[in-house]
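Enquirer: sharing a model prediction with you, sequence too.
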Amino acid sequence: MAPMKVYGWAVSPWMARALVCLEEAGAEYEIVPMSRCGGDHRRPDHLARNPFGEIPVLEDGDLTLYESRAIARYVLRKHRPELLKEGDLEGSAMVDVWMEVEAHHMEATLWTIIRNCITGPYVGRPRDQSAVDESLAKLRAVLPAYEARLSACRYLAGDEVTAADLCHFGFMRYFMATEYADVVDEYPHVRAWWDALLARPSVKKVIAGMPPDFGYASGNIP
């Protein structure tokens, strides 16, 4: 069977969410590189794949999927259902809970900090420090819940890694490249959880394509 195709640019934290799950799944896939600067995501051929003009997009035979969490679930359901705790009603519910927590309480908070502290200076956008401070306050309000959970089990849905952990990777990667990364050190169990994720071969492979400056300093922006 032909390998899956993943359309997008590797530096994207949304792309990373899909890629790290593909790696954990041991799935055959190829990245179809696109240029954000060149507007590839707004071209008719890509809009035919995703009418919202976003990445990543996954093609698996006749199936086309978009939205990174949906891609992650599909890939793991097909190749590594244990990473969704399928067949375990309570376990799979905890995976869902922490994927929802990441979606509603972490992604936008971390992205505000990342945009202002990493990408903004390279594109000439002035830092909105009040937005950064507000997001840091939100993060400090959320992290105690993570600390409590991770003091009870090694990973978010139990003692083994699951999609709940993997789906945090992309945005955490860039947040930890900002000057505010030491916030995580205030929560030792969260720090240990993050270090455990960084040690995984899947994460090491994907992070190699995610320079901390999104490639701006080298001029290798997609």
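Expert: Right, received. Where do you want to start?

Enquirer: hey, let's count contacts and neighbours off CA atoms from now on
Expert: OK.

Enquirer: test my guess that Y216 contacts G124.
Expert: No. Using CA atoms under 8 Å, Y216 is not in contact with G124, being 11.9 Å away.

Enquirer: so which helix or strand takes in the residue most central in space within the chain?
Expert: The chain has G170 as the residue nearest its centroid, 2.9 Å off, counting by CA atoms, centre = their mean. Assigned by DSSP states H and E, G170 belongs to helix 169-175.

Enquirer: beyond that helix, next helix or strand please.
Expert: helix 188-198.

Enquirer: show me where this structure has helices.
Expert: According to DSSP state H, the chain carries its helices in the segments 13-25, 44-49, 68-79, 89-101, 107-114, 120-123, 129-152, 163-166, 169-175, 188-198, 201-207.

Enquirer: need the ones you listed in CSV (columns: distance to A181 and mean pLDDT).
Expert: Output for those, formatted as CSV (distance: least, CA to CA, whole Å; pLDDT from 0 to 100):
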stretch, distance to A181, mean pLDDT
helix 13-25, 17, 98
helix 44-49, 35, 97
helix 68-79, 24, 98
helix 89-101, 20, 98
helix 107-114, 11, 98
helix 120-123, 18, 88
helix 129-152, 11, 98
helix 163-166, 18, 98
helix 169-175, 6, 98
helix 188-198, 10, 98
helix 201-207, 17, 98
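
Enquirer: let's have those helices in a markdown table, adding distance to D62.
Expert: A markdown table is the format used below for those (distance: least, CA to CA, whole Å):
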| stretch | distance to D62 |
| --- | --- |
| helix 13-25 | 18 |
| helix 44-49 | 11 |
| helix 68-79 | 14 |
| helix 89-101 | 27 |
| helix 107-114 | 30 |
| helix 120-123 | 38 |
| helix 129-152 | 39 |
| helix 163-166 | 25 |
| helix 169-175 | 27 |
| helix 188-198 | 33 |
| helix 201-207 | 26 |
